[in-house]
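[1] this one's structure only:
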């Protein structure tokens, strides 16, 4: 459980946001495919000073959508 003033990612050492290239590694797909999914809106992202970042929650939602289609 995070303590006061501590971010959730600090307890596990895992990042809260991934670069598209890092998200590709996590999803085991190509960087090009991640950018295509971002353009289509399939994966949500944020921009920080022109840098595109993808939250862990957005990756989790994308995988859940894929699992929902397969069920």
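    Yep, it's here. This is a predicted model, so every value here is computed, not measured.
[2] any idea how many residues pack against residue 56?
    Residue 56 has 16 neighbouring residues, counting by other C-beta atoms under 10 Å. Using the backbone N, CA and C atoms, a C-beta is placed for each residue, glycine as well.
[3] check residue 59 too.
    18.
[4] which ones are touching it?
    Going by C-beta atoms under 8 Å, 6 or more residues apart in numbering, residue 59 touches 18, 23, 26, 27, 43.
[5] now swap in residue 29 and tell me
    By C-beta under 8 Å, 6+ apart, residue 29 has no neighbours at all.
[6] got the confidence number for residue 71?
    Residue 71 is assigned 72 on the pLDDT scale.
[7] just the strands in this structure please.
    All strands of the chain, identified by DSSP state E, fall at 17-18, 46-48, 51-55.
[8] can you put the ones you listed in TSV and add mean pLDDT, mean neighbour count and distance to residue 67?
    Shown next, in TSV, are the strands of the chain (pLDDT from 0 to 100; neighbours: other C-beta atoms under 10 Å; distance: least, C-beta to C-beta, whole Å):
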stretch	mean pLDDT	mean neighbour count	distance to residue 67
strand 17-18	98	20	20
strand 46-48	97	9	24
strand 51-55	97	17	18
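[9] rewinding a little: so which of the contacts of residue 59 are in helices?
    23, 26, 27 (DSSP state H).
[10] once you drop chain neighbours, what's closest to the first one?
    Nearest in space to residue 23, with sequence neighbours left out and distances taken as C-beta to C-beta, 6 or more residues apart in numbering, is residue 54 at 4.5 Å.
[11] how about the strands of the chain, which one is nearest residue 65?
    Closest of those to residue 65 is strand 51-55, at 14.4 Å (criterion: C-beta to C-beta).
[12] great, nothing more from me.
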